[in-house]
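Trainee: Quick one: sequence and predicted model below, then my questions.
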Amino acid sequence: MAYVITSACINETTFDPECERVCEADAIHRGRYTRLIDPDACTDCGLCDPVCPVGAIFPHTRVPESEREWIELNRQWWQHASS
């Protein structure tokens, strides 16, 4: 299981990236409009979730139904970034 960053983070890339700092797996990085979590690198430690100032981070099994597309968007971004 991996954590997922959802739409609440869109256009929030100017705030202090505490989620990136606490990620021991270096799995969170800034995309163009949001931060995203590499699902293959995420160790499911959960350190990022409580420090997110906009409540955008969820375990993939707890992503709200209206945000489920973000599970695949995080994966696709990382697949494209590593190509």
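Mentor: Here it is on my side, so go on. Predicted model only: the values in this text are computed from it and were never measured.
Trainee: Give me the residues contacting stretch 65-75.
Mentor: Ala2, Val4, Ile5, Thr6, Ser7, Leu36, Ile37, Asp38, Pro39, Phe58, His60, Val63 (C-beta atoms under 8 Å, 6 or more residues apart in numbering). Every residue, glycine included, has its C-beta placed from N, CA and C.
Trainee: Let's see that with 7 Å instead.
Mentor: Val4, Ile5, Thr6, Ser7, Leu36, Ile37, Pro39, His60, Val63 (C-beta atoms under 7 Å, 6 or more residues apart in numbering).
Trainee: Going by residue numbers, what spans are helices in this structure?
Mentor: Along the chain, counting by DSSP state H, helices occupy 18-22, 69-81.
Trainee: Out of those, flag the one nearest Thr43.
Mentor: For Thr43, the closest of those is helix 18-22, at 12.0 Å, according to C-beta to C-beta.
Trainee: who's in contact with the closest one?
Mentor: Ile28, Arg35, Leu47, Cys48, Val51, Cys52, Ile57.
Trainee: and the gap between the third one and Ala27?
Mentor: Summarising the geometry, the distance separating Leu47 from Ala27, computed by C-beta to C-beta, to the nearest Å, is 11 Å.
Trainee: Neighbour count: those two, which is higher?
Mentor: Ala27 (23 against 16; other C-beta atoms under 10 Å).
Trainee: Correct me if wrong: that one contacts Cys42.
Mentor: Yes. Between Ala27 and Cys42 there is a contact at 4.5 Å, judged by C-beta atoms under 7 Å.
Trainee: which regions of this structure sit below the pLDDT cut-off?
Mentor: The model of the chain has pLDDT under 70 over residues 13-14, 82-83.
Trainee: what about the strands in it?
Mentor: For the chain, the strands defined by DSSP state E occupy 3-5, 28-30, 35-37, 57-59.
Trainee: Need the winner for burial among these.
Mentor: Most buried of the strands of the chain, by mean neighbour count (mean count of other C-beta atoms under 10 Å): strand 3-5, with a mean of 26.
Trainee: how much distance is there from that strand to the middle of the chain?
Mentor: In terms of C-alpha atoms, centre = their mean, to the nearest Å, the centre of strand 3-5 is found 4 Å from the chain centre.
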